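Undergrad: Need a 3D model of the sequence below.
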Amino acid sequence: MTIKKIQEKIDKAKAKVQKFYPGAYCELSDEGYTIFSKDDEDILSEYFLPYTKSAAEAWQSALLTVKTTQQFNRTHPERLVLELTEEKESRLKNKRIKE
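TA: Residues are numbered from 1 along each chain as shown. Sure thing, here's the model as predicted:
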């Protein structure tokens, strides 16, 4: 891979992570690179991912956490029950207002 393609891949991962965690940034510590949200929360530690050797790997790992979180939220059974209940209440409320 050329340096340009690697940089494009990093930028793409960084953009997707920052869409989910606005203000996320990469930081180097004694253990290695990790990604922090603007609230100084370590994104990689949420899924017990280790520190990485490069910033590119850190952004890829952070992207993995974002995708996993999105998939979990999309398929979690309690989420569906709650949304259906709220949707039903909203419909009934709108119906009562119109009557």
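
Undergrad: all contacts plus neighbour counts: C-alpha atoms, from now on.
TA: Fine.

Undergrad: Any stretches of the protein with poor pLDDT?
TA: For the chain, the stretches flagged by pLDDT under 70 are 77-84, 98-99.

Undergrad: one more time with 90
TA: Across the chain, the ranges flagged by pLDDT under 90 are 1-7, 9-10, 38-41, 45-47, 69-99.

Undergrad: Show me where it has its helices.
TA: Applying DSSP state H to the chain gives helices spanning 3-20, 55-75, 77-98.

Undergrad: residue contacts, V17?
TA: V17 sits next to A24, W59, A62, L63, V66 when contact means CA atoms under 8 Å, 6 or more residues apart in numbering.

Undergrad: And those, which is closest to K88?
TA: Minimum distance to K88 across the contacts of V17 is 29.5 Å, recorded for V66 (CA to CA).

Undergrad: out of everything not next to it in sequence, what's closest to that closest one?
TA: Leaving aside its chain neighbours, V66 sits nearest to V17 (6.6 Å; criterion: CA to CA, 6 or more residues apart in numbering).

Undergrad: rewinding a little: between the contacts of V17, which has the most around it?
TA: Within the contacts of V17, most neighbours by other CA atoms under 10 Å means A62, with 30 neighbours.

Undergrad: What about the nearest residue to Y47 once chain neighbours are set aside, how many residues nearby?
TA: The shortest distance from Y47 to any non-neighbouring residue, by CA to CA, 6+ apart, is to T65 (6.8 Å). Around T65 sit 20 other residues, with neighbours defined as other CA under 10 Å.

Undergrad: Let me have the contacts of V17 in a markdown table, adding distance to A13 as columns.
TA: Shown next, in a markdown table, are the contacts of V17 (distance: CA to CA, whole Å):
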| residue | distance to A13 |
| --- | --- |
| A24 | 12 |
| W59 | 6 |
| A62 | 8 |
| L63 | 6 |
| V66 | 10 |
